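# just coords:
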């Protein structure tokens, strides 16, 4: 039987591969020094229940005498194993020191490989550690070889423990040593060659004479060694009789070692690493975050961890209050086996079930209504129990939104078979994960399989190492955290430069909303250029937003790459960048110009912000000649028409060529195009029809929305607003029908005829929902708050809080329009002919 502390499997890399690891024994820098976590003593051959192989007891006495003898025999086995691994450790330190002398010699010449300062930093304290262990080994070796039951070596371990201060200095310098070595490798080819292949002598009884190991792997060894020594002390004590002269000395050495481990654990940044890679290098956590996985047809929220050589997908276990939280590993893929399937290769992958937009919008409204209630409760010094109940409800709704909103597929494939599918709401985020993985894959990675113990250790380390602690929902925010901006952000994307070759280029804009990022706008494609000049303006609605992201793409026209899956984005990201939306900087009336640098590309843009209360203000046009900002009755009288010309023309154009456009009325048109159309309609220019036929359809849809938004009073009038709110709230269907029809009759004729004209148009748009993805509900969400708004006096009462944007009122406004959209066709003549059976007082 042979006890081994890392010397059992001496592999070709010169790395120890222990059979079983305690949590943290291979971990740098978090090391669990608890003796209860020491590894089971594994022996070659079968293991007994407590992990110690039965030892031949020939020649040993009976009873207690046999036990004492067995204990002393165990001591010898423990020490033999440790001595073998100590020999390997000394050889590794020797290999590390070998290049130090020649490097120092060249440092003073005219062509130094490294400076003296760099040599001092990289090899800091290695010589001292080597000397300590060489002396320890030389003293211990003869004692173990000439074994005697009375032999004492506690004083050697005590001395070794007393010199741990040298390790403290080494650990403090470890991070800088690694970084310096990496920088020097990148800048100096000679040093790179040296550090990639250091020759380690094999043990005396090994067939291997030398093995090649990297400098990074060797620099990690001293950190690993401290833990091993502590575990040996624990096992030695276990098999040393209490009356043996070594017992108090070993006890003292163990106490010093454990105190030392505790002190360095407190000092070290716990993000550094968890468990070594198969090559013996330190495994580091590179990135982690919450992603939605489509697993067996349903959406699951996972915490995904990207380490140096492995992607691990986990979920947080449900634990009782006060219990230590832990992760449960769902699956892992070594990066050496990980591939990203191309869209055409991913046909066997499950298709994404996309939740209808109106369900997502409904949920946003519910969340905002609950937010309003929470704020009201707080303002009225409400009961904390009521607030907690509301917050719990809000969290559940936000969690549902987080789970069901993402629709951009991010596919991961393991070469050995299985594929996995994540869904993201942001292509920026998908690109960040993909790039981080591809950067790591450029290194020489090895495929491997983790043993159940190794997997347990790695998953156990996730809780300590994670950098993202909370699910990204707004209800997890502290009260003093910024609530973000609510209102409208106007962004002009001017131009970009820095492209190496001509391409078909466009940009998209993303903002965070309800805790996650969504794409809000897209420029047109500027073809075959290295310096695109878009100069396009967008109006983006902000819902508690704190950041703006700009992504620059090269358009893909290759039909073979276009996936059947609508949400697959096959265009290549050329660059991406993000800026914080600082409320102070943004909330000015003037445009604020900025540049985002991304991957060598510079994108110029300008922005300004309008708060929601400002955007509610309807400013009547000073000139009564135009159509925007002029009363609808004035326009129809002037034109001698029943429906304003602008409404008829925009509707006709949308029905002619935009009725199958995905997201028509929801996707922003280019603001500069909309302003150009506004000017043409205001001037009653004879080129209107030519201009309409050439204009992007989203700009035409945007012009129609802008016309209704800029009316001096909403189409359904200020006067009737409270009655519409009461009517839609009625429960009895017959009473609701009577009231809602009576309210329409009460509208001025131009308003009513225009409303009925628009209603029939929106119904025709919704008939194409399978193609344009615009349901009646989606259209009601877009137009409801535009056609039906409280008067300015009323809105002041409602806008005490910026976050009341999706308050009860907005929900009701959407419901009013939806009611009429879902109603059988309403004719103007029929309405006027019918009489009401109850009071006509509105």
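Yep, that arrived. Remember, it's a predicted structure, so these values are computed and weren't measured experimentally. Numbers count the residues shown, from 1 in each chain.
# My read is that residue 395 contacts residue 515, right?
No. Between residue 395 and residue 515 there is no contact under CB atoms under 8 Å: 10.8 Å. Placement of C-beta: from N, CA and C, glycine included.
# Give me the most central residue, the protein.
Centroid-nearest residue in the chain, with CA atoms, centre = their mean: residue 289, separated by 4.2 Å.
# That one contacts residue 469, doesn't it?
No. Residue 289 is not in contact with residue 469 according to CB under 8 Å; the separation is 10.8 Å.
# returning to that earlier point: angles on the backbone of the residue nearest to the centre of the chain, please.
phi 180, psi 170 (degrees, to the nearest 10).
# How about the contacts made by the closest residue to it other than its chain neighbours?
Ranked by CB to CB, 6 or more residues apart in numbering and with sequence neighbours excluded, the top spatial neighbour of residue 289 is residue 468, at 5.0 Å. Residue 468 is in contact with 288, 289, 290, 303, counting by CB atoms under 8 Å, 6 or more residues apart in numbering.
# The residues you listed: which two are farthest apart?
288 and 290 (8.7 Å; CB to CB).
# Please enumerate the shared neighbours of those two.
Taking CB under 8 Å, 6+ apart as the contact rule, residue 288 and residue 290 both touch 303, 304, 468.
# where's the dip in pLDDT among these?
On pLDDT alone, residue 468 ranks lowest of these, at 84.
# that older thread, pick out whichever of residue 288 and residue 290 has more residues nearby.
Per other CB atoms under 10 Å, whichever of residue 288 and residue 290 has more neighbours is residue 288, with 20 against 16.
# Spit out the contact partners of that one.
Taking CB under 8 Å, 6+ apart, we find residue 288 in contact with 303, 304, 305, 306, 462, 465, 466, 467, 468.
# quick check, nearest of the residues you listed to residue 142?
The shortest approach to residue 142 among those belongs to residue 465, at 43.3 Å (CB to CB).
# That closest one: what's its closest spatial neighbour, skipping adjacent residues?
residue 285 (4.5 Å).
# tell me the domain ranges of the protein?
68-267, 274-352+407-476, 355-404, 485-615, 618-834 (the TED database).
# mind showing which ranges of the stretch 51-200 of the chain have poor pLDDT?
51-72 (pLDDT under 70).
# At which residues are the strands of it located?
Taking DSSP state E, counting those that start in this stretch, the strands of the stretch 51-200 of the chain run over residues 198-201.
# what ranges do the helices span in it?
Read by DSSP state H, counting those that start in this stretch, the stretch 51-200 of the chain holds these helices, from start to end of the chain: 63-97, 100-107, 116-122, 126-145, 154-162, 165-187, 189-196.
# Am I right that residue 166 is in contact with residue 130?
No. Look at residue 166 against residue 130 with CB under 8 Å: they stay out of range, at 10.3 Å.
# State the helix or strand in which residue 318 lies.
For residue 318, there is no enclosing helix or strand under DSSP states H and E.
# Please renumber the chain so that the first residue is 42 from this point on.
Okay, residue one is now 42; in that scheme the one you just asked about reads as residue 359.
# okay, now it: neighbour count?
Neighbour tally, residue 359, other CB under 10 Å: 8.
# okay, and the helix or strand of this protein with the least pLDDT?
helix 833-839 (a mean of 54; mean pLDDT, DSSP states H and E).
# now the residue nearest to residue 330, what's its secondary structure?
Assigned by DSSP: H, G, I helix; E, B strand; the rest coil, the conformation of residue 509 is coil.
# Relative to residue 204, how far out is it?
Residue 509 is 40 Å from residue 204, where distance means CB to CB, to the nearest Å.
# now swap in residue 579 and tell me
For residue 579 relative to residue 204 (CB to CB), the value is 66 Å.
# between these two, who's got more neighbours?
Just comparing residue 579 and residue 204: by other CB under 10 Å the higher neighbour count belongs to residue 579, 24 against 16.
# In a strand, the more buried one, correct?
Yes. If the criterion is three-state DSSP, then residue 579 is within a strand.
# Please name the bridge partners of it.
For residue 579, the beta-bridge partners under DSSP bridges are residue 532.
# now do the one 10 residues further on
Using DSSP bridges, the beta-bridge partners of residue 589 come out as residue 552, residue 620.
# Need phi/psi at residue 341.
The phi/psi pair for residue 341 (degrees, to the nearest 10) is phi -130, psi 140.
# What of residue 528?
Dihedral angles (degrees, to the nearest 10) for residue 528: phi 150, psi -140.
# Kindly report the same for residue 150.
phi -90, psi -180.
# Then residue 354?
According to degrees, to the nearest 10, residue 354 has phi -110, psi 120.
# Check residue 190 too.
phi -60, psi -20.
# any idea how far it lies from residue 282?
Residue 190 is 10 Å from residue 282, by CB to CB.
# same thing with residue 135?
As for residue 135, its distance to residue 282 is 37 Å (criterion: CB to CB).
# for residue 786, same thing?
Relative to residue 282, and taking CB to CB, residue 786 is found at 103 Å.
# thinking again about what came up before, residue 135 and residue 282: which is more packed in?
residue 135 (16 against 13).
# Now do the same contact list for the more buried one.
Residue 135 touches 171, 241, 242, counting by CB under 8 Å, 6+ apart.
# Could you find the closest non-adjacent residue to residue 201?
Closest to residue 201 by CB to CB, 6+ apart is residue 177, at 5.2 Å.
# I figured that neighbour hits residue 127, correct?
Yes. Between residue 177 and residue 127 there is a contact at 7.3 Å, judged by CB under 8 Å.
# Compare the helices of the stretch 92-241 of the chain and give me the one nearest residue 831.
Counting by CB to CB, residue 831 lies closest to helix 206-228 out of the helices of the stretch 92-241 of the chain; the figure is 59.3 Å.
# can you pull the buried residues of that closest one?
With burial defined by 16 or more other CB atoms under 10 Å, the residues of helix 206-228 counted as buried are 207, 208, 211, 212, 214, 215, 218, 219, 221, 222, 225, 226.
# do stretch 777-791 as well
779, 780, 781, 782, 783, 784, 785, 787, 788, 791.
# Kindly confirm my reading that the fourth one forms part of a helix.
Yes. Checked against three-state DSSP, residue 782 lies within a helix.
# residues in contact with it?
Here residue 782 is in contact with 867, 872, 875 (CB under 8 Å, 6+ apart).
# Check which helix or strand the second one maps to.
Read it as residue 872. Assigned by DSSP H and E, residue 872 belongs to helix 869-874.
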